[in-house]
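Q: build me a model from this:
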Amino acid sequence: EGESFHQYDYSIDCTSTIYLRFRAVAAICAVIYPCGVPTFMFALLHQNRERLKHTYHGSEASAVEDESTARGTNSGTAAPTAREWWFGDRETFDFIVAEYKPEYWFFETVDLLRKLSLTGLLMLAEQGSATQILLGTFVAFVGAIGIAVVRPYAQPEVNIFRMLVDASLFVTLVCILVLH
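A: Numbering: from 1, shown residues only. Sure thing, here's the model as predicted:
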């Protein structure tokens, strides 16, 4: 009495202490990753936003100083500048911001939230339900309209391609909803 078993593996007792501990850890991780990663990425990019808004070449990047990282002077000569771990420019964060126009330094965070919504958020709705399909359709529609209006990518072809991808996702989900 009082026993509960896992839906896919009946050898797992869902009332056992070890199962409940693993479930608690999984719940914490399920909140930390989708909330923490985008928040941390945005905070890191936001801290460096002024340097990310500019495209520097070669030694120009090292000439740009952040006042909060300067350590002072010694006998009238500038001390070596110590950089904080989060300090960076477009070159440092190239893997995140390279595809975007400088004024859209934050857009990878927006795109990450869209991707997490299409995968993780949809899991909260009943699997295969009309609600799940409608949520996906809404996220795809907002993504397509957002890209069409903002055009954050540096290359115009990438903006067009991304609009087509989001539009195809939207059309696919609408077709699934109609056939549901």
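Q: quick one, helices of this structure?
A: Taking DSSP state H as the test, the helices found in the chain are 17-31, 37-47, 49-52, 60-63, 94-97, 107-119, 130-150, 156-179.
Q: so which of those helices gets nearest Trp86?
A: helix 37-47 (5.4 Å; CB to CB). (Glycine included, C-beta is placed from N, CA and C.)
Q: tilt between that closest one and helix 107-119?
A: 170 degrees (axes from the mean of the first three to the mean of the last three CA atoms, to 10 degrees).
Q: helices and strands around helix 37-47, which ones?
A: helix 94-97, helix 107-119 (3 or more CB pairs under 8 Å, 6 or more residues apart in numbering; DSSP states H and E).
Q: the longest one vs helix 156-179, what angle?
A: So that's helix 107-119. Put simply, helix 107-119 runs at 20 degrees to helix 156-179, going by the same axes, to 10 degrees.
Q: for helix 107-119, packing partners?
A: If you count contacts as 3+ CB pairs under 8 Å, 6+ apart, helix 107-119 packs onto helix 37-47, helix 130-150.
Q: closest one to Phe5 among the helices of the chain?
A: Closest approach to Phe5 among the helices of the chain (CB to CB): helix 17-31, 10.0 Å.
Q: can I assume His46 is in contact with Thr109?
A: No. Between His46 and Thr109 there is no contact under CB atoms under 8 Å: 9.1 Å.
Q: check contacts around the closest residue to Leu121 other than its chain neighbours.
A: Spatially, and ignoring its direct neighbours in sequence, Leu121 is nearest to Leu135 (6.7 Å; CB to CB, 6 or more residues apart in numbering). Shown in contact with Leu135 (CB atoms under 8 Å, 6 or more residues apart in numbering): 121-122, 125.
Q: count of residues packed around the residue lying closest to Leu44 once chain neighbours are set aside?
A: In this structure, Leu44 finds its nearest non-sequential neighbour in Trp86, 5.7 Å apart by CB to CB, 6+ apart. Residues near Trp86, counting by other CB atoms under 10 Å, number 12.
Q: for Trp86, give its distance to Trp105.
A: Distance check for Trp86 against Trp105: by CB to CB, to the nearest Å, it reads 14 Å.
Q: ditto for Asp166
A: From Asp166 across to Trp105, the span is 21 Å (CB to CB).
Q: hang on, the earlier thing: out of the helices of the chain, nearest to Ser4?
A: Going by CB to CB, the one of these nearest Ser4 is helix 17-31, 9.2 Å.
Q: so which residues make contact with the closest one?
A: Residues from elsewhere that reach helix 17-31 (CB under 8 Å, 6+ apart): 6, 12-14, 120.
Q: quick one: low-confidence ranges for the protein?
A: Low-confidence segments of the chain, defined by pLDDT under 70, span residues 1-2, 55-82.
Q: thanks a lot, catch you later.
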